[in-house]
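**Student:** model this:
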Amino acid sequence: MLPVPHPDFNSGLDLLAMRQVRLTTIFYLSGQMLWVRRRPPRARDVLAVHGAESLTVRSARPIAFQVDGEYLGEIDAIKFQFVPHALRVAA
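**Tutor:** Residues are numbered from 1 along each chain as shown. Coordinates of the predicted model:
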């Protein structure tokens, strides 16, 4: 399944998120992700971003946050920053 078309590690951050979790939206997105497309899946309750330099995710109340299994406490906002060539990927 491809949540964004033609993913790579050199074009910035990609995001695919649902504004509301509905069973019909989940099935619709799953069907779109099964085929290679030229654009991200589109639906009324879907937010798709491709190639962003940074992304900030906020919540209405603090939520538990973890990275690689490490609990980092409760947060209400986090910023993700794209850093070119920060990872070496061996395939």
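**Student:** This structure: strands as residue ranges?
**Tutor:** For the chain, applying DSSP state E gives strands covering 13-18, 46-52, 54-67, 70-81.
**Student:** Could you dump the ones you listed into JSON lines with distance to residue 33 added?
**Tutor:** C-beta: built from backbone N, CA, C; applies to glycine. Putting the strands of the chain into JSON lines (distance: least, CB to CB, whole Å) gives the following:
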{"stretch": "strand 13-18", "distance to residue 33": "8"}
{"stretch": "strand 46-52", "distance to residue 33": "11"}
{"stretch": "strand 54-67", "distance to residue 33": "20"}
{"stretch": "strand 70-81", "distance to residue 33": "21"}
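**Student:** possible to save the ones you listed as CSV with mean neighbour count and mean pLDDT?
**Tutor:** CSV is the format used below for the strands of the chain (neighbours: other CB atoms under 10 Å; pLDDT from 0 to 100):
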stretch, mean neighbour count, mean pLDDT
strand 13-18, 15, 87
strand 46-52, 14, 86
strand 54-67, 10, 94
strand 70-81, 10, 95
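**Student:** which stretch among these comes nearest residue 89?
**Tutor:** Checking those against residue 89 by CB to CB gives strand 13-18 as the closest, at 15.3 Å.
**Student:** Which residues does that closest one contact?
**Tutor:** 3-4, 7, 25-26, 29, 40-41, 45-55, 80, 82 (CB atoms under 8 Å, 6 or more residues apart in numbering).
**Student:** Domain ranges for this protein, per the record?
**Tutor:** With domains defined by automatic domain parsing, the chain comprises 1-52, 53-84.
**Student:** between these, which one is nearest to residue 91?
**Tutor:** With CB to CB as the criterion, residue 91 lies closest to domain 1-52 of the domains of the chain, at 10.7 Å.
**Student:** Regarding that closest one, how distant is the last residue from the first?
**Tutor:** Taking CA to CA, to the nearest Å, domain 1-52 runs 21 Å from one end to the other.
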